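Participant: Predicted structure and sequence below. I'll ask about it afterward.
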Amino acid sequence: MAISASAIVLVLILSASAHASTFLGAHPQVEMQSIPTVELEQMLRSEFHSDARLTVVASELQPLYTALPKNEVGRLEPSVVRYALHRHFAQKYGWHLRGLEQDGVMRNVSSTAAIMNDRAPAYIMKLFEESLHGGLGLQELAMFAVVLSDLIHKEAASDLENVVDVMGLPIHALMPKKTVAKLLKIYLMTYISGVHTPRNSSDDFVGMESTMESDVIVWFDAKMWAEDLHMSSFYSQRSQRNPFVNEFSFEDIAEAAQDIGHHFGAFQNRECVALKDKLVEMEHGGSGRVLLSKFYSGSGVMDWPFIESVDYLRNVGALDDSDPQRLSVIIPNFLSGPSNCETPSNFYSVCCIDECEHLLRQVEVVIAEPSATAIRLVEVISGLQSGTVEAPRNLSSVQVDRLSEIATHHGGQVPLHGRLFAQWMHHAYPRECRFPHVAGSTSPLSQKDYERTFGMLAEASDEEIALHSESENSTASSEVFVATLPWSHAEELLSSHRERVGEEASSATWKCARLLALCAPVLWLAMAKKHVFVDDCRQEKYLV
């Protein structure tokens, strides 16, 4: 029997783990459960006896993988792997996995004996790096995604097992529909509230439901949604079940619990859509922005959702302060912020679905390369329609010129995964695509983390609301506001390896090296005379 490529890679990974050294730093102040690395390696070993599931995931990742920048041997760097996995889970389930954040590095692990949940991606990446020199291919990327999925499914099964245990039910016995419905309702409560530790008694769950009813506005909707979901799931499995047995095993119920996690992002996004509709109603001049006076305009109304302070909005990157006299909130940046996320799992948060992701994916499918000419991108994007932008359309001369400038900056092609193109997409779709701030200039913390870190309230005070309402309204009648979206020339590429864009293309580093080589004699003479004047070579930053 032939040995599959994935099996060979797996053997390499597991052998590398046997001599892996300690490579982790201190864990951030987040309390989470740990995963024995032996257990993780067993999961890696057991998953790939059959390539069927791997094939499905690889096919899902194929369009993205094709369009991503590769290194000199045609494989993905760790930074690109992190980016690809983040987009895969965000697009498929609305999950934002811990350890895949675009903060410059994958989180390290503190021990080879056990790792925290948010360090699982770093540990797996380390095993790949030690066994596969040169980066990851499509099969390894798919392996990575499958193992992360299974870690999350294992957490869901463990949480459900805790519920079954507290309710005093035998885990190996078949259970009637009524019991299944009760278990899944309790599981949904623990999922929404982010509880992952066993409760002492069933009375605790009664108290939890009372809290959900009073504190969680969407609880009743969520409960009905979950009931419909598991009824549909059980109905779709009817052909695989014994028609004379109307009871369910723990494995059946665990699969239904996993379905809740898989579809909860779509359910939560209903609220995101409602928030966006409210913001677009208050939008100023088609700019994808809402003036603070409008943002706070309903603060006196019960359940008004827009109450974040100016400092908090600036910290998470949702504030446009390019005009200090007219501060405004960037709609897609606000919607994608952590204040609109839930944290039901130790592994991930569930956030608003990124509408720009769908647009970018369409571009990637058509281009099927890491970069493209400005003319080709104009052709493709002028035909892309969003929820608020009709197509086909004619892009403005300013938009076309800026796209050409990006191409010129990169030797004739526009990298699809750089900051400048992301900024350009924000200008083309200001209500769907986020404005990409320069790396390190924002800190996307939840409101609780912000208050804990900075010692300031994340909600605006009455005085702050009044101040911004008065300052903006005082000039609104006498001035005509022309929405000019900010544009900066700072580039940040996803990978430190620039893809080749033709014989004439060269990296910024190489350009600097050639310049220094040409200027070396002059510089030497200048230094000898102690008169040194050197212009800094401009280099690009990388999202690594």
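Facilitator: Everything's here; your move.
Participant: Give the burial count for the closest residue to residue 355 other than its chain neighbours, as a bare number.
Facilitator: Of all residues not flanking residue 355 in the chain, residue 432 sits nearest, at 4.0 Å (C-beta to C-beta, 6 or more residues apart in numbering). Using the backbone N, CA and C atoms, a C-beta is placed for each residue, glycine as well. The number of residues packed around residue 432, counting by other C-beta atoms under 10 Å, is 23.
Participant: SS state for residue 432?
Facilitator: The three-state assignment at residue 432 reads coil, by DSSP: H, G, I helix; E, B strand; the rest coil.
Participant: Please report the distance of it from residue 414.
Facilitator: 19 Å (C-beta to C-beta, to the nearest Å).
Participant: With residue 449 as the reference, measure out to the residue nearest to residue 355.
Facilitator: In terms of C-beta to C-beta, residue 432 sits 27 Å off from residue 449.
Participant: What of residue 377?
Facilitator: From residue 377 to residue 449 the distance is 38 Å (C-beta to C-beta).
Participant: And the pLDDT for the residue nearest the centre of the chain?
Facilitator: Centrality entry for the chain: nearest residue to the mean C-alpha point is residue 96, 4.5 Å, by C-alpha atoms, centre = their mean. Note on residue 96: pLDDT of 94.
Participant: so which strand or helix has it?
Facilitator: strand 95-97 (DSSP states H and E).
Participant: And for that strand, what's in contact with it?
Facilitator: 85-86, 89-90, 121, 148, 152, 265, 341, 345, 347-351 (C-beta atoms under 8 Å, 6 or more residues apart in numbering).
Participant: and if we set it to 7 Å?
Facilitator: 86, 89, 90, 121, 148, 265, 341, 347, 348, 349, 350, 351 (C-beta atoms under 7 Å, 6 or more residues apart in numbering).
Participant: Quick one: mean pLDDT for the helix or strand encompassing residue 469?
Facilitator: Using DSSP H and E, residue 469 sits in helix 462-476. Helix 462-476 carries an average pLDDT of 70.
Participant: how many neighbours does residue 200 have?
Facilitator: When neighbours are counted by other C-beta under 10 Å, residue 200 registers 7.
Participant: what do you get for residue 305?
Facilitator: 14.
Participant: quick revisit: in helices, which of the contacts of strand 95-97 appear?
Facilitator: With DSSP state H as the criterion, helices contain 86, 89, 90, 121, 148, 265 from among those.
Participant: Hmm, residue 89 and the fourth one touching each other?
Facilitator: No. Assessed by C-beta atoms under 7 Å, residue 121 is found out of contact with residue 89, at 10.7 Å.
Participant: out of those two, which sits in the more crowded spot?
Facilitator: Taking residue 121 and residue 89 together and counting by other C-beta under 10 Å, residue 121 has the greater number of neighbours (28 against 21).
Participant: so who does the more buried one touch?
Facilitator: With C-beta under 7 Å, 6+ apart, residue 121 has these contacts: 97, 99, 100, 106, 148.
Participant: The residues you listed into CSV, with extra columns for neighbour count and distance to residue 191?
Facilitator: As requested, these are exported to CSV (neighbours: other C-beta atoms under 10 Å; distance: C-beta to C-beta, whole Å):
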residue, neighbour count, distance to residue 191
97, 24, 16
99, 26, 20
100, 25, 21
106, 21, 26
148, 22, 18
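Participant: need the residues you listed in a markdown table with distance to residue 229, can you?
Facilitator: Converted to a markdown table, those look like this (distance: C-beta to C-beta, whole Å):
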| residue | distance to residue 229 |
| --- | --- |
| 97 | 22 |
| 99 | 28 |
| 100 | 26 |
| 106 | 33 |
| 148 | 23 |
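Participant: And the furthest pair within these?
Facilitator: Of all pairs drawn from the contacts of residue 121, the greatest distance, 12.4 Å, lies between 106 and 148 (C-beta to C-beta).
Participant: ok, how many other residues are close to residue 356?
Facilitator: 19.
Participant: For it, which non-adjacent residue is closest in space?
Facilitator: residue 433 (3.7 Å).
Participant: Okay, residue 215 and residue 208: tell me how far apart.
Facilitator: For residue 215, the distance to residue 208 - C-beta to C-beta - is 10 Å.
Participant: out of these two, which sits in the busier spot?
Facilitator: residue 208 (17 against 9).
Participant: where does the more buried one fall, phi/psi-wise?
Facilitator: Phi and psi for residue 208, reported as degrees, to the nearest 10, are phi -60, psi -40.
Participant: quick one: contacts for the closest residue to it other than its chain neighbours?
Facilitator: The spatially closest residue to residue 208, leaving aside those adjacent along the chain, is residue 189, at 5.2 Å (C-beta to C-beta, 6+ apart). By C-beta under 7 Å, 6+ apart, the residues touching residue 189 are 205, 208, 209, 212.
Participant: tell me which of these is nearest to residue 391?
Facilitator: Closest to residue 391, out of all of those and judged by C-beta to C-beta, is residue 212, at 42.4 Å.
Participant: how close does the residue lying closest to residue 92 once chain neighbours are set aside get to residue 417?
Facilitator: Closest residue to residue 92 apart from its sequence neighbours, by C-beta to C-beta, 6+ apart: residue 60 at 7.3 Å. Residue 60 sits at a distance of 18 Å from residue 417 (criterion: C-beta to C-beta).
Participant: likewise residue 252?
Facilitator: 41 Å.
Participant: likewise residue 144?
Facilitator: 18 Å.
Participant: still on that earlier bit, after the helix holding residue 469, which helix or strand is next?
Facilitator: strand 492-493.
Participant: which helices and strands sit right next to that next one?
Facilitator: strand 541-542 (3 or more C-beta pairs under 7 Å, 6 or more residues apart in numbering; DSSP states H and E).
Participant: where do the strands sit along the stretch 301-450 of the chain?
Facilitator: Taking DSSP state E, counting those that start in this stretch to define them, one finds strands in the stretch 301-450 of the chain at 319-320, 328-330, 348-350, 371-372, 414-415.
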